[in-house]
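Peer 1: compute the structure for the input listed below.
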Amino acid sequence: MIQDIPKLYTALAEWLACVLFVRLLPQRYNAAKTAGILAAALPLFGLVQWLIGIVPLSLWIPGMIVALVLMYATIWLCCRLNFCDTGFWWALAFTLAEFVASLEWQLYSFGASKMPGRCWIQGLFLLAFYGGGFGVFLRLEQKRLRDKAPLHMTRRESISAAVIAICTFLISNISYVTTNTPFSGRMTTEIFWIRTLVDFAGVAVLLSMQDRWQDMQTQHELTAIQTLLKRQYEQYRISRDNSEAINRKYHDLKHQIQVIRMESDAARREEYLSQLEKGMQSLGVNQHTGNDVLDTILSDKQLYCSQHQITLTIVADGARLDFIETMDICSIFGNALDNAIEGVEKLADPQQRLIRVAVYTQNVFLIIRVENYCTAQLSVVDGEYRTTKHDKDMHGYGIKSIRYTAEKYGGSVSADCSDNWFHLSVLLPLPEKA
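Peer 2: Residues are numbered from 1 along each chain as shown. As a prediction, the model looks like this:
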């Protein structure tokens with residue numbers, strides 16, 4: 001028989017793993033409340049592991065289930081995650097805790113357990129390996145998560161991660177229950193190495209799973225965003241051509257009207273010509289903001305709005321957009337206005353179909369605001385307003401595309417809904433003048 005890891009060491013490792021992932025992931029509450037939850041969880045981890053150490057072997061599995069539920073609950077309470085994402089991070093946290101605890105105890109048992117002054121040496125090993133192991137993992141995972149998309153795990157992927165973690169734990173610890181299996185070790189060194197290596201393999205598999213899933217999510221979103229960018233650019237080109245054609249037609253018709261008016265007679269003809277000229281005025285309206293790309297987009301949207309009884313109010317200093325690329329202007333304004341138009345088109349009362357656009361500078365920032373009247377209840381998930389369309393997977397990328405473009409210029413995007421108005425704000429730092 002060999003001495004297993006002290007249960008309080010296991011409790012500390014599980015708690016530190018939870019603290020690590022709470023530090024890495026978006027938190028549900030403020031720092032003080034999160035710290036309070038973690039502080040309250042620490043004695044619970046110790047109590048559960050102490051009970052696991054004194055109960056009969058037949059109650060060992062129920063005890064471990066309680067420990068696993070406690071880890072899951074701690075991560076879920078502290079982090080702003082759905083149940084499936086929490087399941088994956090719980091599986092990784094549990095496997096990591098098993099690996100760090102196993103490695104520390106194996107090296108301590110091999111080299112320092114028989115040295116004099118066991119208490120302070122044991123404490124030194126604990127501090128070095130727990131602090132070093134979890135600290136190194138924290139730094140590595142911070143870099144891995146910095147430029148990665150959120151997981152948004154499916155139920156199937158989350159269950160797969162849980163199965164990997166549980167199988168890793170069972171295989172790595174089977175030698176402590178019985179040596180009469182093909183996977184058990186019979187010598188002390190074998191038992192230590194089997195547990196440590198199997199735990200390490202479990203961590204590696206889960207990290208590989210994380211990378212694969214995040215790459216899939218990133219690729220999916222980038223593909224959708226690129227599709228939107230191309231679509232917006234094509235809309236800009238079509239709108240530009242249409243605008244030029246309308247302006248030519250308008251110019252020609254003005255001359256035709258003048259010629260017809262020079263002919264004698266007919267009050268009715270005069271009335272007809274006046275109505276025709278009035279109708280053409282809406283087609284010939286162009287925005288003049290100081291940016292040709294923005295003028296084309298706004299003119300196109302203004303024409304659409306006038307045809308659908310939507311009031312579009314524009315106050316824009318387009319000249320300040322000169323540092324933004326053409327496709328990025330199309331992305332920001334095209335997506336923002338499309339979302340706003342879609343929102344007000346649902347309103348039965350034309351008096352409520354209101355959209356406001358503003359482009360201005362404040363201090364060293366360019367601010368783009370697109371607002372629309374809104375009577376619907378909008379749901380917020382992970383800090384983002386969710387699409388109201390039925391096909392959630394194919395839609396909802398409008399604001400993501402705007403955010404992606406804003407981040408390209410070091411900016412940010414915020415959205416809120418208050419007093420029946422939906423406000424979308426894009427904040428971009430102005431480039432320094434040479």
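Peer 1: quick one: residues contacting residue 126.
Peer 2: Taking CB atoms under 8 Å, 6 or more residues apart in numbering, we find residue 126 in contact with 9, 12, 104. Every residue, glycine included, has its C-beta placed from N, CA and C.
Peer 1: where does it fall, secondary structure wise?
Peer 2: Using DSSP states H and E, residue 126 maps to helix 118-146.
Peer 1: ok now the next helix or strand after that helix, how far from the chain's centre?
Peer 2: Using DSSP H and E, the helix or strand that follows helix 118-146 in sequence is helix 155-173. Counting by CA atoms, centre = their mean, to the nearest Å, helix 155-173 is centred 26 Å from the centre of its parent chain.
Peer 1: buried sites along helix 155-173?
Peer 2: Neighbour counts over helix 155-173 (16 or more other CB atoms under 10 Å) mark 157-158, 160-162, 164-166, 168-169, 171-173 as buried.
Peer 1: out of those residues, who's nearest residue 338?
Peer 2: Here the nearest of those to residue 338, counting by CB to CB, is residue 157; it sits at 32.2 Å.
Peer 1: for that closest one, give me the pLDDT.
Peer 2: Here the pLDDT value assigned to residue 157 is 87.
Peer 1: residue 113 too?
Peer 2: Looking at residue 113, its pLDDT is 54.
Peer 1: residue 425 contacts residue 366, doesn't it?
Peer 2: No. Assessed by CB atoms under 8 Å, residue 425 is found out of contact with residue 366, at 11.1 Å.
Peer 1: quick one, which of the two is more surrounded?
Peer 2: When residue 425 and residue 366 are compared for neighbours, residue 366 comes out ahead with 21 against 17, by other CB atoms under 10 Å.
Peer 1: any idea which element that one lies in?
Peer 2: strand 365-373.
Peer 1: could you list the buried residues of that strand?
Peer 2: Buried, per 16+ other CB under 10 Å, within strand 365-373: 366, 367, 368, 369, 370, 371, 372, 373.
Peer 1: list of residues touching it?
Peer 2: Residues from elsewhere that reach strand 365-373, judged by CB under 8 Å, 6+ apart: 320-321, 332-333, 336-337, 339-341, 343-344, 347, 352-361, 420-430.
Peer 1: mind listing which of those residues are in helices?
Peer 2: Those of these mapping onto helices are 332, 333, 336, 337, 339, 340, 341, 343, 344, per DSSP state H.
Peer 1: now the helix holding residue 126, how far from the centre of its chain.
Peer 2: 28 Å.
Peer 1: before we move on, the earlier item: dump the contacts of residue 126 to CSV, plus neighbour count and pLDDT.
Peer 2: Converted to CSV, the contacts of residue 126 look like this (neighbours: other CB atoms under 10 Å; pLDDT from 0 to 100):
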residue, neighbour count, pLDDT
9, 19, 91
12, 20, 94
104, 23, 88
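Peer 1: which ones among those residues are found in helices?
Peer 2: Filtering the contacts of residue 126 for helices - DSSP H - leaves 9, 12, 104.
Peer 1: start and end of stretch 77-86, how far apart?
Peer 2: Start-to-end span of stretch 77-86 (CA to CA, to the nearest Å) is 10 Å.
Peer 1: show residues contacting that stretch.
Peer 2: Applying CB under 8 Å, 6+ apart, the contact partners of stretch 77-86 are 18, 21-22, 25-29, 34, 37-38, 72, 75-76, 89, 150-155, 157-158, 382-383.
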